[in-house]
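*Asks:* next come a sequence and a model predicted from it.
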Amino acid sequence: MRIIGPPSANAAAVSLQLRIWAKDNKVNTLFMESIVPAEWKWGLSFSIDPVGLIAQSLKETDGGKFTGKVKAEWYNPCGLKIRHLGIAAGTDDDEPLAHQLFPNWEVGCLAHVQHICAYAGHIPWEGAYPIVDPRYTYVADDVPKLENWHELGGRWAPASNYGDKIEILMKEIQTSGIK
C-alpha cells in the first residue's frame, strides 16, 4: 500500500470503521474528533494517503487512549522522537522526554505527515509550511526512501512487522464500507 497518493478509502469508510472500533473500545472520542480530522487534512495537503496516517496514529496512540510512554497532552500522534544533544546514538529510546511535545493536534499531525514525507523522499510543500518535525532533516538525509507503509517496519520502529500492522489496519478501514 503506497504512502504517497490519494486516500485509499473514502471519509465515509473511515468514519464507519471508527464507529465500529469505538463500540469495541479500540478508539475514543479524542482520536475520532481531534486526531483523525487533522491527519486527514494534512495527508490531503501533502499527497500522503491519510488512511495510512490514521492507521499509524491508531497504532501509536492505542486509539487515542495513550497507554504507552507518550501522553495525550503532548499532542504527538505518532510517537515522534527528538534528538537530544549529549545522548549518544544507540542510546535506549526510553530516555526522559525522548518524545516530542507539540502545542496542539494540528502541529503534531503536521509533524507526523512531514516525518512520513522524509521517509518517502517526498517534499510537496516547497516552503509553504515551516518544518515542525524535529527529525525531518536527519531522516530526509539518512533514510532509504520508502514507497509503501509496510516498509516502515524496522525503520520507524524496531519491529520488522510494524508496517505490516499499519497495512492491516488500513485494510480494515478500506473494507469497512463493503458488507
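*Replies:* Alright, I've got the coordinates. Numbering: from 1, shown residues only.
*Asks:* helices or strands up against the longest helix seen in the chain?
*Replies:* For the chain, the helix with the greatest residue count under DSSP state H is helix 105-120. The contact analysis (3 or more C-beta pairs under 8 Å, 6 or more residues apart in numbering; DSSP states H and E) places helix 105-120 against helix 36-46, helix 50-61, helix 136-142. The C-beta positions use only the backbone N, C-alpha and C, and glycine is treated the same way.
*Asks:* downstream of the lowest-mean-pLDDT helix or strand in the chain, the next helix or strand is which one?
*Replies:* Taking mean pLDDT, DSSP states H and E as the measure, the helix or strand of the chain with the lowest value is helix 136-142, at a mean of 87. Once the chain leaves helix 136-142, the next helix or strand it forms, by DSSP states H and E, is helix 162-175.
*Asks:* and stretch 61-73, what's its mean pLDDT?
*Replies:* Predicted confidence along stretch 61-73 averages 95 (mean pLDDT).
*Asks:* list the buried ones in that stretch?
*Replies:* The neighbour-count criterion (16 or more other C-beta atoms under 10 Å) identifies 61, 63-64, 66, 70, 72 as the buried residues of stretch 61-73.
*Asks:* returning to what we had before: okay, the helices and strands packed on helix 105-120 in JSON lines with distance to Asn28 next?
*Replies:* Converted to JSON lines, those look like this (distance: least, C-beta to C-beta, whole Å):
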{"stretch": "helix 36-46", "distance to Asn28": "11"}
{"stretch": "helix 50-61", "distance to Asn28": "9"}
{"stretch": "helix 136-142", "distance to Asn28": "29"}
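*Asks:* now, of those helices, which is deepest in the fold?
*Replies:* Neighbour counts averaged per stretch over the helices and strands packed on helix 105-120 are highest for helix 50-61, at a mean of 26; criterion: mean count of other C-beta atoms under 10 Å.
*Asks:* tell me how far the closest residue to Leu169 other than its chain neighbours lies from Tyr162.
*Replies:* Sequence neighbours aside, Ala55 is the residue nearest to Leu169 in space, at 3.7 Å (criterion: C-beta to C-beta, 6 or more residues apart in numbering). Taking C-beta to C-beta, to the nearest Å as the criterion, Ala55 is separated from Tyr162 by 11 Å.
*Asks:* send me the longest helix of the chain as PDB with only the CA atoms.
*Replies:* In PDB, the C-alpha atoms belonging to helix 105-120 read as follows (Å, rounded to 0.1, in the frame of the first residue of the first chain):
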ATOM      1  CA  TRP A 105      -3.100  18.400  17.300                       C
ATOM      2  CA  GLU A 106      -2.700  20.500  14.100                       C
ATOM      3  CA  VAL A 107       1.000  20.900  14.700                       C
ATOM      4  CA  GLY A 108       1.500  17.400  15.900                       C
ATOM      5  CA  CYS A 109      -0.200  15.900  12.900                       C
ATOM      6  CA  LEU A 110       1.700  18.300  10.500                       C
ATOM      7  CA  ALA A 111       4.900  17.000  12.100                       C
ATOM      8  CA  HIS A 112       3.700  13.400  11.500                       C
ATOM      9  CA  VAL A 113       3.000  13.900   7.800                       C
ATOM     10  CA  GLN A 114       6.300  15.700   7.400                       C
ATOM     11  CA  HIS A 115       8.100  12.800   9.000                       C
ATOM     12  CA  ILE A 116       6.400  10.400   6.700                       C
ATOM     13  CA  CYS A 117       7.400  12.700   3.800                       C
ATOM     14  CA  ALA A 118      11.000  12.500   4.900                       C
ATOM     15  CA  TYR A 119      10.800   8.700   4.900                       C
ATOM     16  CA  ALA A 120       9.300   8.700   1.400                       C
END
